[in-house]
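J.: Show me how the following folds:
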Amino acid sequence: METQPEVVEYFRSLEIALNEQKKKGTPKGDPTYSRIYTQLARDIAQIGIARDELPEAAKICGHLSTFERLEQLMKKPVG
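T.: The predicted structure is shown next:
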């Protein structure tokens, strides 16, 4: 899988979106994060990257920590 400029741009946009939600005070586990994930998966699928390839694509373009941040924010807090 090569690093395509579009992929890098999607992950930059993801980082911006997560920062905006943080400023708004969106809590961990909020459905907003699942919607962001779904939109990311749909957008990246249009350039031929499957949902299960998202972590690898993020890693290749230097945004694995951004993707992992989204995964953590999607999880509902325990207790």
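
J.: would you list every one of the helices in this protein?
T.: For the chain, the helices defined by DSSP state H occupy 5-24, 31-45, 54-60, 64-74.

J.: ok, now which ones touch the residue positioned nearest the centre of the chain?
T.: Geometric centre of the chain, nearest residue: Phe67, 4.5 Å, by CA atoms, centre = their mean. For Phe67, the contact set (CB atoms under 8 Å, 6 or more residues apart in numbering) comprises Phe11, Leu14, Leu54, Pro55, Ala58. (Each C-beta comes from the backbone N, C-alpha and C, glycine too.)

J.: separation between the second one and Val78?
T.: Right, Leu14. Using CB to CB, to the nearest Å, Leu14 is found at 25 Å from Val78.

J.: So if I had to pick from these two, which one is more boxed in?
T.: Leu14 (22 against 5; other CB atoms under 10 Å).

J.: State the pLDDT value of that one.
T.: For Leu14, the pLDDT comes out at 96.

J.: cool, and the one 3 residues further on?
T.: Confidence per residue is given as pLDDT, and for Ala17 that number is 97.

J.: just checking, it touches Ile36?
T.: Yes: contact criterion CB atoms under 8 Å: Ala17 and Ile36 qualify, at 5.6 Å.

J.: Between the two, tell me which one has more neighbours.
T.: Between Ala17 and Ile36, counted using other CB under 10 Å, the more crowded position is Ile36 (20 against 17).
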